[in-house]
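>>> generate coordinates for the sequence data below:
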Amino acid sequence: MSQHVVAIFGGAVSGAETANQLLQKGIHCVVFEQNALPYGKIEDGLPKWHAKLRDKEETNINTVMSNPLVTYVPDTKLGSDISFEEIKNMGFTAIILATGAWKDRPLPIEGIDEYVDKGLYYQNPFVYWFNHFHEPAFAGKQFEIVDDAIVIGGGLASLDVCKILMMEQVVRKLKARGINTNCIELEHGIPKFLEKQGLKFEDLGIKGCTLFYRRREMDMPLAPVPTETPEQLLKAQNTRQKILNNYMTKYLFRFSGCMAPADKIIENGKLTGIRFRKTEIIGDQCNEIAGTETDVFAPLVISSIGSIPELLPGVPSKGTVFKLADETSCRIQDHENVFAVGNAVTGRGNINESSKHAEKISGWLLENFLNAQPELSEEKQLQIFSGIKELQQRAGYNNNYMEWMQQHLPKRIEHLEPTGAH
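Numbering: from 1, shown residues only. So this is what the prediction gives:
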């Protein structure tokens, strides 16, 4: 068995995959998690209708975290509960940042963030609320669902935001008619469910939200397919249009392409709309056209233009991302044994991409870094685990992962909400 000890911050997809690769070589992993459970965006960012995918991924994570070579440290956030310098001084062979991309990319309008919760929401906290508001003990921030909202985005996450807005409005309208349903049933398509109730969408009096994208629908990053050749590009464009049309058919929102957000519209201290400017696509360039401004008024704007890593005190950064010495190892600049994996590097929320990136970097670490490091002495290991035990005790963790997981697993919507007509 290896005498290396590796610290991993973040236990979700990339963190669990990194640990899995290291465990196969007998390397002890200490997994620090900022929440009680290590599921990350699988639990908090993947919309709750993905129940089967969620359960599959969380089962994989549980298998890793319950491995005897894993020491789990919950409710411990790097940068607040423990500093980067403290972790560096503990003496781990390597430190892996699998902290994900939890921060929303700012909407590029000067002063817009002054209106958060005053007509503006960002995607990540909105989806977190959606995933948990049904839980009996939920005491987090509340969000309002309103009709005729604006969603600014273009990726799959923005389609999910539109889907949430449309489904939740339908749920509320149907409830007023004595029909109880939920997003699990409506996920199969709003028109399909309404038809079973003898209703049409028009009967509900819903206008629906509109998704604004600065490029064309054929340019939307909706599928990770190759685009190197003209034939591949055409196929990718057709696939993107098909995905968007499928979403719009099932969830009945509107789409407006080639519209870039240019300014905010404020009335009585509240955001009441967005001034858009038309764009033209020339090759890979997206150019705004002067003099084409259009004011679009709406009671709510939700920005869904991407996620970026939450930067950490003491960890070098460049702009909105961690500063890497190179992209091959994803080593953090100026730190010989600190690396980043998954969404903390890619800034994307794709599960497969996050897992593959973690597998790739873990493979590089095993082949090129860990094998060249001196193994830790027994005394040094005891010192590390003494400090870890104190952190576990502070979090109230009894060192039994499966028991802890069962105690903290949230209530599932499919077990709580009544379904069908009444």
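>>> next, the buried residues of stretch 291-301.
Going by neighbour count (16 or more other CB atoms under 10 Å), the buried part of stretch 291-301 is 296, 298, 300-301. To be clear about C-beta, it is placed using only N, CA and C from the backbone, and glycine gets the same treatment.
>>> let me know the closest of the residues you listed to residue 261.
For residue 261, the nearest member of the buried residues of stretch 291-301 is residue 301. The distance, counting by CB to CB, is 8.8 Å.
>>> hmm, which two among the buried residues of stretch 291-301 are most spread apart?
Taking CB to CB as the measure, the buried residues of stretch 291-301 span a maximum distance of 12.0 Å, between 296 and 300.
>>> find residues that contact each of those two.
Shared contacts of residue 296 and residue 300, defined by CB atoms under 8 Å, 6 or more residues apart in numbering, comprise residue 150.
>>> any idea where the strands of the stretch 301-422 of the chain begin and end?
301-303, 307-308, 317-318, 321-322, 338-340, 420-421 (DSSP state E, counting those that start in this stretch).
>>> which residues of this structure score low on pLDDT?
For the chain, the stretches flagged by pLDDT under 70 are 1, 348-349, 413-422.
>>> re the thing from before, of all the strands of the stretch 301-422 of the chain, which lies closest to residue 391?
Where the strands of the stretch 301-422 of the chain are weighed against each other on CB to CB, the nearest is strand 338-340, at 18.7 Å.
>>> same for that closest one, what does it pack against?
Under the contact definition 3 or more CB pairs under 8 Å, 6 or more residues apart in numbering; DSSP states H and E, strand 338-340 sits against strand 94-97.
>>> which strands or helices does the helix or strand just after the strand it packs on pack on?
The first helix or strand that comes after strand 94-97 along the chain, using DSSP states H and E, is strand 103-104. Strand 103-104 sits against helix 123-132, strand 307-308, with contacts defined as 3+ CB pairs under 8 Å, 6+ apart.
>>> returning to that earlier point: show me the buried residues of stretch 291-301 that map onto strands.
Within those, membership in strands is found for 296, 301, as judged by DSSP state E.
>>> residue 167: which of the buried residues of stretch 291-301 is nearest?
In terms of CB to CB, no member of the buried residues of stretch 291-301 lies closer to residue 167 than residue 300, at 15.6 Å.
>>> neighbours of the residue nearest to that closest one when sequence neighbours are not counted, how many?
Nearest in space to residue 300, with sequence neighbours left out and distances taken as CB to CB, 6 or more residues apart in numbering, is residue 149 at 4.1 Å. Here the count is done by other CB atoms under 10 Å, and residue 149 has 25 residues near it.
>>> hmm, residue 149 is touching residue 302, no?
Yes. Under the criterion of CB atoms under 8 Å, residue 149 lies in contact with residue 302, with a separation of 6.3 Å.
>>> which neighbours do those two have in common?
For the pair residue 149 and residue 302, residues contacting each of them under the criterion CB under 8 Å, 6+ apart are residue 165.
>>> let me have the buried residues of stretch 291-301 in a markdown table, adding distance to residue 86 as columns.
As requested, the buried residues of stretch 291-301 are arranged in a markdown table below (distance: CB to CB, whole Å):
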| residue | distance to residue 86 |
| --- | --- |
| 296 | 49 |
| 298 | 46 |
| 300 | 42 |
| 301 | 40 |
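>>> and of the buried residues of stretch 291-301, the nearest to residue 27?
Sorting the buried residues of stretch 291-301 by distance to residue 27 puts residue 301 at the head of the list, at 46.9 Å, by CB to CB.
>>> give the contact list for the closest one.
Under the criterion of CB under 8 Å, 6+ apart, the contact list for residue 301 reads 119-121, 149-152, 271, 273-274.
>>> for residue 342, same thing?
10, 12-15, 17-18, 98, 100, 354-355, 357-358.
>>> which one is it nearest to, not counting chain neighbours?
If you skip the residues right next to it in sequence, residue 342 has residue 14 as its closest partner in space, 2.4 Å away by CB to CB, 6+ apart.
>>> quick check: buried residues in stretch 317-327?
Under the neighbour-count criterion of 16+ other CB under 10 Å, stretch 317-327 has 321-322, 324-325 buried.
>>> residue 292 and residue 277 touch, don't they?
Yes. At 5.6 Å, residue 292 and residue 277 qualify as touching, with contact defined as CB under 8 Å.
>>> residue 347 and residue 310 touch, don't they?
No. Under the contact definition of CB under 8 Å, residue 347 does not touch residue 310, with a separation of 11.3 Å.
>>> would you confirm that residue 19 belongs to a strand?
No. Assignment of residue 19 by DSSP: H, G, I helix; E, B strand; the rest coil gives helix, placing it outside any strand.
>>> so it sits against residue 30, correct?
No. When contacts are counted by CB under 8 Å, residue 19 is not listed as touching residue 30 (9.4 Å).
>>> please identify every residue contacting each of these two.
Between them, residue 19 and residue 30 have 8, 70 as joint contacts when contacts are counted by CB under 8 Å, 6+ apart.
>>> roughly how far does residue 382 sit from residue 125?
Residue 382 sits 41 Å away from residue 125 when distances are taken as CB to CB, to the nearest Å.
>>> whoops, I mixed them up, residue 246
In this structure, residue 246 and residue 125 are separated by 27 Å, where distance is defined by CB to CB.
>>> out of the two, which sits in the more crowded spot?
Counting neighbours by other CB under 10 Å for residue 246 and for residue 125 shows that residue 125 has the greater number, 17 against 12.
>>> quick check: closest non-adjacent residue to that one.
On the basis of CB to CB, 6+ apart, the spatially nearest residue to residue 125 that is not a chain neighbour turns out to be residue 141, at 6.5 Å.
>>> mind checking which of the strands of the stretch 301-422 of the chain is nearest residue 82?
Proximity of the strands of the stretch 301-422 of the chain to residue 82 was assessed by CB to CB; the nearest stretch is strand 338-340, lying at 14.4 Å.
>>> what lies in contact with that closest one?
Here strand 338-340 makes contact (CB under 8 Å, 6+ apart) with 88, 94-99, 309, 315, 322, 324, 329-332, 361, 365.
>>> can you check stretch 392-409 too?
Contacts of stretch 392-409 with the rest of the structure, by CB under 8 Å, 6+ apart, involve 36-37, 62, 65-66, 70-76, 81.
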